[in-house]
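> Make a model of this:
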Amino acid sequence: MFCPFCGHAETKVIDSRLVAEGNQVRRRRECASCGERFTTFEAAELMMPRVIKSNGSRQPFDEDKLRSGLVRALEKRPVNAEQTDALMARIVHRLRATGERELPTVIVGETVMDELRELDDVAYVRFASVYRSFEDISEFSQEIDRLKRGKRGGKLRSKSKRKRDRE
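Okay, the predicted model is just below:
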């Protein structure tokens with residue numbers, strides 16, 4: 001690595017540590033020429049798969065688009081920014097972990113719904129209504145019934161239960 005101070009091509013690593021929960025390596029380096037020390041960070045560059053739209057077109061995965069959909073679904077719900085960030089991270093991790101270079105929007109949408117179902121029932125139904133293009137109230141009822149059947153004893157979690165689950 002080139003020294004940022006003098007431009008010399010030879011530097012020596014004098015210390016390495018894992019940071020960012022083991023996702024990065026922090027290295028202290030020393031220039032062999034001028035003796036200046038500096039810090040570098042090293043992380044794996046992981047590419048997100050491309051998304052195959054329902055019309056067959058392909059586009060890069062857009063985290064901003066995903067975040068905006070989640071924020072809309074979670075609007076006025078008892079979910080804080082840290083929980084939203086953690087939700088985003090879990091979804092992105094699951095999509096990346098498929099190892100696929102391309103994923104259909106169906107996989108992306110179902111992954112989002114799986115994660116939302118665990119976090120907040122109302123946000124899940126909101127997202128599902130847009131994702132599945134609900135056209136009338138009966139489709140909402142059917143989705144809520146499916147959600148109830150999937151929950152313990154057929155009951156949706158109350159606000160206080162969800163709060164305890166998150167703590």
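
> Work out the gap between stretch 37-44 and the centre of the chain.
Stretch 37-44 sits 24 Å away from the centroid of its parent chain (CA atoms, centre = their mean, to the nearest Å).

> in the longest helix seen in the chain, what counts as buried?
The longest helix of the chain (DSSP state H) is helix 81-97. Neighbour-count burial for helix 81-97, counted by 16 or more other CB atoms under 10 Å, picks out 84, 87-88, 91-92, 95. The C-beta positions use only the backbone N, C-alpha and C, and glycine is treated the same way.

> next one: stretch 137-151
In stretch 137-151, counting by 16+ other CB under 10 Å, buried: 143-144, 147.

> Then stretch 29-49?
Here stretch 29-49 shows 29, 31, 49 as buried, counting by 16+ other CB under 10 Å.

> For residue 142, see how far away the last one is.
The gap separating residue 49 from residue 142 is 31 Å, by CB to CB, to the nearest Å.

> how does this protein divide up, domain by domain?
Domain ranges of the chain: 11-43, 50-158, per the TED database.

> Considering those, which stretch scores lowest in mean pLDDT?
For these, mean pLDDT drops lowest on domain 50-158, to a mean of 88.

> any chance you could map the strands in the chain?
For the chain, the strands defined by DSSP state E occupy 11-19, 24-31, 37-43, 50-52, 58-59, 102-104.

> and of these, who's closest to residue 136?
Among the strands of the chain, the nearest to residue 136 by CB to CB is strand 102-104 (26.3 Å).

> got a list of contacts for the closest one?
49-52, 54, 58, 61, 95 (CB atoms under 8 Å, 6 or more residues apart in numbering).

> Spit out the contact partners of residue 147.
Applying CB under 8 Å, 6+ apart, the residues near residue 147 are 117, 121, 124-125, 156.

> so how far is residue 128 from the residue nearest to residue 134 when sequence neighbours are not counted?
Closest residue in space to residue 134, ignoring its immediate chain neighbours: residue 140 at 5.9 Å, by CB to CB, 6 or more residues apart in numbering. To residue 128, residue 140 is 9 Å away according to CB to CB.

> what is in contact with these two at once?
Residues touching both residue 140 and residue 128 (CB under 8 Å, 6+ apart): residue 134.

> Can you verify my assumption that residue 51 contacts residue 57?
No: Residue 51 lies out of contact with residue 57 (CB atoms under 8 Å); the separation is 9.2 Å.
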